[in-house]
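Enquirer: Got a sequence here, can you build the structure:
(chains A and B)
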Amino acid sequence: MANIPLPDALLVKNYVTGDENALSTLIDRHQSKIYGFIYSKISDRDISNDIFQDTFIKVIKTLKSRAYNEEGKFLPWVMRIAHNLIIDHYRKTKKMPMFRETEEFSIFSIMSDDSLTIENKIIHEQVEMDLKKLIEELPADQKEVLVMRMYQDMSFKEISEITGVSINTALGRMRYALMNLRKVIDKHQIILTN
Amino acid sequence: MAKIYSKKTLVTNTMKPRKEIVSFLLNYSKALSIIKTKNISFEIIAN
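Expert: This next block holds a predicted model:
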(Lines give C-alpha, C1' and ligand atoms only; values in the text may rest on other atoms or scores of the structure.)
Protein backbone atom coordinates (compact mmCIF):
# COMPACT_ATOMS: atom_id res chain seq x y z
CA MET A 1 0.00 0.00 0.00
CA ALA A 2 1.52 3.34 -1.03
CA ASN A 3 2.20 5.90 1.67
CA ILE A 4 0.10 8.97 1.04
CA PRO A 5 2.10 12.01 2.12
CA LEU A 6 0.35 13.98 4.82
CA PRO A 7 -0.53 17.56 3.86
CA ASP A 8 1.48 20.36 5.48
CA ALA A 9 -1.55 21.56 7.45
CA LEU A 10 -1.92 18.19 9.13
CA LEU A 11 1.79 17.92 9.86
CA VAL A 12 1.71 21.37 11.45
CA LYS A 13 -1.26 20.36 13.56
CA ASN A 14 0.50 17.15 14.64
CA TYR A 15 3.67 19.04 15.48
CA VAL A 16 1.80 21.61 17.58
CA THR A 17 0.18 18.77 19.52
CA GLY A 18 3.57 17.22 20.27
CA ASP A 19 4.65 15.04 17.33
CA GLU A 20 8.29 16.03 16.76
CA ASN A 21 8.54 13.73 13.74
CA ALA A 22 6.11 15.98 11.94
CA LEU A 23 8.71 18.77 12.04
CA SER A 24 11.31 16.44 10.59
CA THR A 25 8.95 15.62 7.70
CA LEU A 26 8.19 19.29 7.08
CA ILE A 27 11.88 20.25 7.01
CA ASP A 28 12.73 17.29 4.80
CA ARG A 29 9.95 18.20 2.39
CA HIS A 30 10.75 21.88 2.03
CA GLN A 31 14.42 22.32 2.88
CA SER A 32 15.63 22.37 -0.73
CA LYS A 33 13.18 25.00 -1.80
CA ILE A 34 13.78 27.25 1.21
CA TYR A 35 17.55 26.85 1.26
CA GLY A 36 17.71 27.28 -2.52
CA PHE A 37 15.69 30.49 -2.25
CA ILE A 38 17.99 31.87 0.46
CA TYR A 39 21.13 30.92 -1.45
CA SER A 40 19.81 32.53 -4.63
CA LYS A 41 19.75 35.86 -2.77
CA ILE A 42 22.82 35.52 -0.58
CA SER A 43 25.23 33.46 -2.71
CA ASP A 44 27.18 32.36 0.35
CA ARG A 45 26.65 28.87 1.76
CA ASP A 46 27.64 29.65 5.35
CA ILE A 47 25.39 32.71 5.64
CA SER A 48 22.60 30.84 3.86
CA ASN A 49 22.89 28.05 6.44
CA ASP A 50 22.69 30.62 9.24
CA ILE A 51 19.61 32.26 7.75
CA PHE A 52 18.00 28.86 7.18
CA GLN A 53 18.58 28.01 10.82
CA ASP A 54 17.24 31.36 12.04
CA THR A 55 14.17 30.94 9.82
CA PHE A 56 13.27 27.61 11.34
CA ILE A 57 14.00 28.76 14.88
CA LYS A 58 11.33 31.42 14.33
CA VAL A 59 9.01 28.80 12.83
CA ILE A 60 9.50 26.46 15.79
CA LYS A 61 8.96 29.22 18.35
CA THR A 62 5.79 30.46 16.65
CA LEU A 63 4.34 26.96 16.32
CA LYS A 64 5.22 26.01 19.89
CA SER A 65 3.62 29.26 21.15
CA ARG A 66 0.49 28.23 19.23
CA ALA A 67 0.63 31.65 17.59
CA TYR A 68 0.33 30.28 14.04
CA ASN A 69 -3.04 30.33 12.28
CA GLU A 70 -3.23 27.44 9.87
CA GLU A 71 -4.64 28.67 6.56
CA GLY A 72 -2.99 26.13 4.30
CA LYS A 73 -0.07 28.45 3.65
CA PHE A 74 2.76 26.92 5.63
CA LEU A 75 5.42 27.15 2.91
CA PRO A 76 4.62 30.76 1.87
CA TRP A 77 4.74 31.70 5.55
CA VAL A 78 8.19 30.14 6.03
CA MET A 79 9.44 31.73 2.80
CA ARG A 80 8.22 35.11 4.04
CA ILE A 81 10.21 34.65 7.28
CA ALA A 82 13.31 33.71 5.25
CA HIS A 83 12.75 36.69 2.97
CA ASN A 84 12.56 39.10 5.91
CA LEU A 85 15.72 37.64 7.46
CA ILE A 86 17.51 38.12 4.15
CA ILE A 87 16.49 41.79 4.18
CA ASP A 88 17.72 42.11 7.78
CA HIS A 89 21.03 40.58 6.69
CA TYR A 90 21.43 43.11 3.88
CA ARG A 91 20.60 45.99 6.22
CA LYS A 92 23.25 44.81 8.68
CA THR A 93 25.96 44.28 6.06
CA LYS A 94 25.23 47.68 4.54
CA LYS A 95 25.93 49.29 7.92
CA MET A 96 29.07 47.23 8.47
CA PRO A 97 30.77 46.70 5.11
CA MET A 98 34.03 44.71 4.94
CA PHE A 99 36.91 46.96 3.97
CA ARG A 100 40.63 46.38 4.27
CA GLU A 101 42.78 49.41 4.96
CA THR A 102 45.97 49.87 2.97
CA GLU A 103 48.52 52.68 2.80
CA GLU A 104 46.79 54.21 -0.23
CA PHE A 105 43.27 53.63 0.92
CA SER A 106 41.77 54.67 4.21
CA ILE A 107 38.33 53.58 5.26
CA PHE A 108 37.51 57.10 6.42
CA SER A 109 37.75 58.43 2.90
CA ILE A 110 34.49 56.72 2.02
CA MET A 111 32.72 56.04 5.30
CA SER A 112 30.88 58.94 6.82
CA ASP A 113 28.63 59.32 9.79
CA ASP A 114 25.12 59.27 8.39
CA SER A 115 23.36 59.76 11.70
CA LEU A 116 21.30 62.92 12.05
CA THR A 117 22.55 65.97 13.93
CA ILE A 118 20.54 66.95 17.01
CA GLU A 119 18.85 69.73 15.05
CA ASN A 120 17.93 67.43 12.16
CA LYS A 121 16.74 64.82 14.63
CA ILE A 122 14.35 67.31 16.23
CA ILE A 123 13.08 68.41 12.83
CA HIS A 124 12.68 64.78 11.77
CA GLU A 125 10.64 63.98 14.90
CA GLN A 126 8.47 67.06 14.35
CA VAL A 127 7.81 66.07 10.75
CA GLU A 128 6.88 62.53 11.89
CA MET A 129 4.44 63.95 14.46
CA ASP A 130 2.85 66.33 11.95
CA LEU A 131 2.53 63.53 9.42
CA LYS A 132 0.85 61.26 11.96
CA LYS A 133 -1.71 64.00 12.71
CA LEU A 134 -2.46 64.39 9.01
CA ILE A 135 -2.84 60.64 8.58
CA GLU A 136 -5.43 60.63 11.40
CA GLU A 137 -7.57 62.97 9.26
CA LEU A 138 -7.87 60.44 6.43
CA PRO A 139 -11.00 58.31 5.93
CA ALA A 140 -10.75 55.10 7.96
CA ASP A 141 -10.29 52.72 5.00
CA GLN A 142 -7.53 54.82 3.42
CA LYS A 143 -5.80 55.33 6.76
CA GLU A 144 -5.85 51.59 7.42
CA VAL A 145 -4.16 50.71 4.13
CA LEU A 146 -1.58 53.48 4.44
CA VAL A 147 -0.60 52.52 7.99
CA MET A 148 -0.30 48.83 7.04
CA ARG A 149 1.83 49.65 4.02
CA MET A 150 4.12 52.35 5.37
CA TYR A 151 4.38 51.57 9.08
CA GLN A 152 3.90 47.80 9.12
CA ASP A 153 5.73 47.10 5.85
CA MET A 154 3.03 44.79 4.52
CA SER A 155 2.64 43.83 0.90
CA PHE A 156 -0.60 44.74 -0.88
CA LYS A 157 -1.40 41.04 -1.10
CA GLU A 158 -1.20 40.79 2.71
CA ILE A 159 -3.21 44.00 3.12
CA SER A 160 -5.93 42.74 0.78
CA GLU A 161 -6.10 39.40 2.65
CA ILE A 162 -6.30 41.05 6.06
CA THR A 163 -8.81 43.77 5.11
CA GLY A 164 -10.90 41.42 2.97
CA VAL A 165 -10.80 43.46 -0.25
CA SER A 166 -9.21 42.87 -3.62
CA ILE A 167 -5.63 43.94 -4.28
CA ASN A 168 -6.93 46.56 -6.73
CA THR A 169 -9.17 48.05 -4.05
CA ALA A 170 -6.25 48.18 -1.60
CA LEU A 171 -4.08 49.85 -4.24
CA GLY A 172 -6.83 52.34 -4.98
CA ARG A 173 -7.24 53.21 -1.31
CA MET A 174 -3.48 53.77 -1.00
CA ARG A 175 -3.54 56.03 -4.04
CA TYR A 176 -6.42 58.09 -2.68
CA ALA A 177 -4.74 58.26 0.74
CA LEU A 178 -1.62 59.78 -0.82
CA MET A 179 -3.68 62.14 -3.01
CA ASN A 180 -5.69 63.32 -0.02
CA LEU A 181 -2.55 63.82 2.07
CA ARG A 182 -1.04 65.95 -0.69
CA LYS A 183 -4.25 68.01 -0.94
CA VAL A 184 -4.28 68.73 2.80
CA ILE A 185 -0.56 69.57 2.81
CA ASP A 186 -1.00 71.96 -0.15
CA LYS A 187 -4.18 73.50 1.22
CA HIS A 188 -2.61 74.38 4.58
CA GLN A 189 0.82 75.04 3.05
CA ILE A 190 2.45 72.73 5.53
CA ILE A 191 6.18 72.24 5.19
CA LEU A 192 7.18 68.62 5.81
CA THR A 193 10.78 68.59 4.65
CA ASN A 194 14.13 69.29 6.28
CA MET B 1 23.21 23.98 -35.60
CA ALA B 2 21.23 26.47 -33.50
CA LYS B 3 22.58 27.47 -30.12
CA ILE B 4 20.54 26.83 -27.05
CA TYR B 5 20.37 29.95 -24.91
CA SER B 6 18.77 28.29 -21.94
CA LYS B 7 18.92 30.32 -18.80
CA LYS B 8 20.62 28.46 -16.01
CA THR B 9 19.28 29.40 -12.61
CA LEU B 10 21.48 29.70 -9.58
CA VAL B 11 19.10 27.50 -7.63
CA THR B 12 19.24 23.77 -8.19
CA ASN B 13 16.92 21.14 -6.75
CA THR B 14 19.76 19.46 -4.91
CA MET B 15 20.68 22.47 -2.75
CA LYS B 16 20.23 21.60 0.88
CA PRO B 17 21.37 23.04 4.19
CA ARG B 18 24.05 21.22 6.16
CA LYS B 19 22.88 18.08 7.99
CA GLU B 20 24.19 19.55 11.25
CA ILE B 21 21.82 22.50 10.87
CA VAL B 22 18.80 20.23 10.43
CA SER B 23 19.94 18.04 13.28
CA PHE B 24 20.33 21.09 15.52
CA LEU B 25 16.84 22.33 14.64
CA LEU B 26 15.25 18.99 15.47
CA ASN B 27 17.09 18.76 18.79
CA TYR B 28 16.25 22.38 19.57
CA SER B 29 12.60 21.69 18.91
CA LYS B 30 12.62 18.64 21.20
CA ALA B 31 14.27 20.61 23.99
CA LEU B 32 12.12 23.76 23.67
CA SER B 33 8.95 24.32 25.66
CA ILE B 34 7.03 27.56 25.62
CA ILE B 35 4.75 28.43 28.50
CA LYS B 36 2.45 31.44 28.35
CA THR B 37 1.05 33.13 31.43
CA LYS B 38 -1.03 36.28 31.00
CA ASN B 39 1.11 38.50 28.75
CA ILE B 40 4.46 36.79 29.32
CA SER B 41 5.94 33.85 27.42
CA PHE B 42 8.65 31.68 28.95
CA GLU B 43 10.98 29.74 26.70
CA ILE B 44 12.45 26.73 28.46
CA ILE B 45 15.27 24.71 26.96
CA ALA B 46 15.60 21.35 28.65
CA ASN B 47 19.11 19.91 28.87
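
Enquirer: can you pull out the helices in chain A?
Expert: Along chain A, counting by DSSP state H, helices occupy A:8-16, A:20-42, A:45-64, A:74-95, A:118-136, A:140-150, A:156-163, A:167-187.

Enquirer: Any chance of those in JSON lines with mean pLDDT as columns?
Expert: As requested, the helices of chain A are exported to JSON lines (pLDDT from 0 to 100):
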{"stretch": "helix A:8-16", "mean pLDDT": "93"}
{"stretch": "helix A:20-42", "mean pLDDT": "93"}
{"stretch": "helix A:45-64", "mean pLDDT": "95"}
{"stretch": "helix A:74-95", "mean pLDDT": "90"}
{"stretch": "helix A:118-136", "mean pLDDT": "85"}
{"stretch": "helix A:140-150", "mean pLDDT": "90"}
{"stretch": "helix A:156-163", "mean pLDDT": "87"}
{"stretch": "helix A:167-187", "mean pLDDT": "91"}
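
Enquirer: Which residue, other than its chain neighbours, is closest to the residue most central in space within chain B?
Expert: In chain B, the residue lying closest to the centroid (C-alpha atoms, centre = their mean) is B:Val22, at 6.4 Å. Among residues not flanking B:Val22 along the chain, A:Ile27 sits closest, at 5.8 Å (C-beta to C-beta, 6 or more residues apart in numbering or on different chains). For every residue, glycine as well, the C-beta is placed using N, CA and C.

Enquirer: For chain B, what is the nearest residue in chain A?
Expert: The nearest approach of chain A to chain B comes at A:Gly36, 4.0 Å away (C-beta to the nearest C-beta).

Enquirer: Hmm, B:Met15 and that residue touching each other?
Expert: Yes: taking C-beta atoms under 8 Å as the definition, A:Gly36 is a contact partner of B:Met15 at 4.3 Å.

Enquirer: Can you tell me the number of residues neighbouring A:Lys10?
Expert: Let me fix one detail, which is that residue A:10 is Leu and not Lys. 12 (other C-beta atoms under 10 Å in any protein chain shown).

Enquirer: Quick check, central residue of chain A?
Expert: So for chain A, C-alpha atoms, centre = their mean, it's A:Asn84, sitting 4.7 Å from the centre.

Enquirer: what about the residue nearest to B:Val22, how many neighbours?
Expert: Around A:Ile27 there are 20 other residues, counting by other C-beta under 10 Å.

Enquirer: Can you read off the pLDDT for the residue nearest to the centre of chain B?
Expert: Per-residue pLDDT puts B:Val22 at 96.

Enquirer: swap in A:Arg100?
Expert: So, for A:Arg100, pLDDT stands at 56.

Enquirer: quick one, strands of chain B?
Expert: B:32-37, B:40-45 (DSSP state E).

Enquirer: From the chain's centroid, how far away is the last one?
Expert: Computed by C-alpha atoms, centre = their mean, to the nearest Å, the chain-centroid distance of strand B:40-45 equals 21 Å.

Enquirer: helices and strands around that strand, which ones?
Expert: For strand B:40-45, the packing partners by 3 or more C-beta pairs under 8 Å, 6 or more residues apart in numbering or on different chains; DSSP states H and E come out as strand B:32-37.
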